[in-house]
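In: Provide a 3D model corresponding to the input given below.
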Amino acid sequence: MKNHYLLLVALIGGIVLGCIAHPFQSETWLQHLLNYIMLPAGQVFLRLLFMIVVPMVFSALVLGVYDLAKNQGVGKVASRTLFYTVIASAFSVFIGIGLVNFFKPGADFKVDSSLFEKTKSSVDTITSNAQSTKNFAQILVEIIPKNPLDAAVRALDGEMLALMFCALLFGVAFFLYQDKTKNKEDLIVLRILDEVLHASLKIVEIAIKMAPVAVFAIVFGTATKYGLSIFESLFYFTATVVIGLLIQQFLVYSLMLKFIAKRSPWKFLSDSKEVLLYAFSTSSSNATLPKSIEVAESKLKLSPSISRFVLTVGATANQNGSALFEGVTVLFLAQVFNIDLSLFQQVQVVLMCIVGGIGTAGVPGGSLPFIMIIMNNVGIPAEGLALILGVDRFLDMCRTTLNVSGDLVIAALVDEK
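Out: Reported below is the predicted structural model:
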């Protein structure tokens, strides 16, 4: 059986069996199964992927920028990437906010006060993270790392932009330093980075062999913990987010692929399906990045220099699904607390979500601190975030899938000749 079919079977099997096991989650045998078999199996797989993100991002960006500077120009590709990213993010936010205003999923929502107590520690952590968020001037300054090695060490904890800036600068510097008559092979460092990139892709191949087992373990653990009961109270909210994500995927992205990239949306989706299954299972754009680069070059036939640049930048800077989710969540909670947001406030939410979609961390739960910041700006009680924490894991899987799909779509748009 092909690997993507095995992944699909593992995904469905994990959901079904996890939901069946949910009523028995307090049983000792099930706890042992989760803690000593399922959790380690999933974590080993994720750690293999996270392990190579830093060397892959650095090597791919340096090589990609060098090749772009030599052949097509970094400025042109970067400007096209930013343009399409902002356009796609704007569409996603408008879709999400339009759906919330139309369906009003929070209008008749009954608030369970006991939920606030159960999730108080989680909300406190998110609040703390939101309060520690730097202002725009600090972010601009700290994109330039004082210590690139320190930025690499903390890349998966929020310093990815600093590492990416360092890689971009090195790529340009190698181009400026090297005599233009020489080839990439003449610079030893670039040859080493090329080997590092290929070694990283080889590790991805190794990880893929255990992917079906790991995906089953991860999804089974999530379904066992949460079951389907949480969706009953938050069904309309969850449905609004999912419908918005589907519209963005099958309407907006399809139109962009058809009329701008001149590609068949269905074939593009078919070629990308394995990456999307990875994204759904891991809830992390960063963990899916190695597979995205491999599929972009091997199946989608995108230019390596462009795909490496766009996908590595996009894993952090292109979060369409997160932008849509943030907009829906803020307006949903406003409806729950009977806060009537003015047109100006809704425009403010739109703009903040577009910006947030370009800077949300590509890790599970990366959207939540930013949602807290928007809530504070428009006067929504911070504890309201507790209401959606139960379904956040499932919605995180859904929006990450759109984030990763969006990265591939943007790469195809930029690659269009």
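In: pLDDT on the helix with the most length in the chain, on average?
Out: Looking across the chain with DSSP state H, the single longest helix is helix 74-103. Mean pLDDT, helix 74-103: 89.
In: next one: that helix to chain centre, how far?
Out: The chain centre lies 15 Å from the centre of helix 74-103; the measure is CA atoms, centre = their mean, to the nearest Å.
In: now swap in stretch 281-292 and tell me
Out: With CA atoms, centre = their mean, you get 8 Å for stretch 281-292.
In: List the buried residues for stretch 328-338?
Out: 328-337 (16 or more other CB atoms under 10 Å). Every residue, glycine included, has its C-beta placed from N, CA and C.
In: repeat for stretch 246-257
Out: So stretch 246-257, judged by 16+ other CB under 10 Å, has buried residues 247-249, 252-254, 256-257.
In: Including pLDDT, secondary structure and distance to residue 22, could those residues go into CSV?
Out: Below are these laid out as CSV (pLDDT from 0 to 100; DSSP: H, G, I helix; E, B strand; the rest coil; distance: CB to CB, whole Å):
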residue, pLDDT, secondary structure, distance to residue 22
247, 97, helix, 30
248, 96, helix, 30
249, 96, helix, 28
252, 96, helix, 35
253, 96, helix, 34
254, 96, helix, 36
256, 96, helix, 39
257, 95, helix, 38
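In: farthest pair in these?
Out: Comparing all pairs in these by CB to CB, the longest separation belongs to 247 and 257, at 14.9 Å.
In: Return the list of helices and strands in contact with the host helix or strand of residue 326.
Out: Using DSSP states H and E, residue 326 maps to helix 320-336. In terms of contacts (3 or more CB pairs under 8 Å, 6 or more residues apart in numbering; DSSP states H and E), helix 320-336 is packed against helix 74-103, helix 235-247, helix 343-357, helix 368-378, helix 389-415.
In: now these in TSV, with distance to residue 194?
Out: Converted to TSV, these look like this (distance: least, CB to CB, whole Å):
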stretch	distance to residue 194
helix 74-103	18
helix 235-247	36
helix 343-357	32
helix 368-378	36
helix 389-415	20
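In: Deepest in the core, which of those is it.
Out: Highest mean neighbour count of the helices and strands packed on helix 320-336: helix 389-415, a mean of 25 (counted as mean count of other CB atoms under 10 Å).
In: what's the neighbour count on residue 32?
Out: Neighbour count for residue 32, taken as other CB atoms under 10 Å: 11.
In: Which residues belonging to the one helix or strand it maps to are considered buried?
Out: Residue 32 belongs to helix 28-33 when elements are defined using DSSP H and E. Using 16+ other CB under 10 Å as the test for burial, helix 28-33 gives residue 33.
In: So which bits of the next helix-or-strand element following that helix are buried?
Out: Next helix or strand after helix 28-33 toward the C-terminus (DSSP H and E): helix 39-51. By 16+ other CB under 10 Å, the buried positions in helix 39-51 come out as 41-42, 45-46, 48-50.
In: Helix or strand next in line after helix 39-51, which one?
Out: Proceeding N to C from helix 39-51, the next assigned helix or strand is helix 53-71, under DSSP H and E.
In: and that next one, how far out from the chain's middle?
Out: That offset, for helix 53-71, works out to 20 Å (CA atoms, centre = their mean).
In: again, but for stretch 373-392
Out: Worked out by CA atoms, centre = their mean, stretch 373-392 lies 20 Å from the chain centre.
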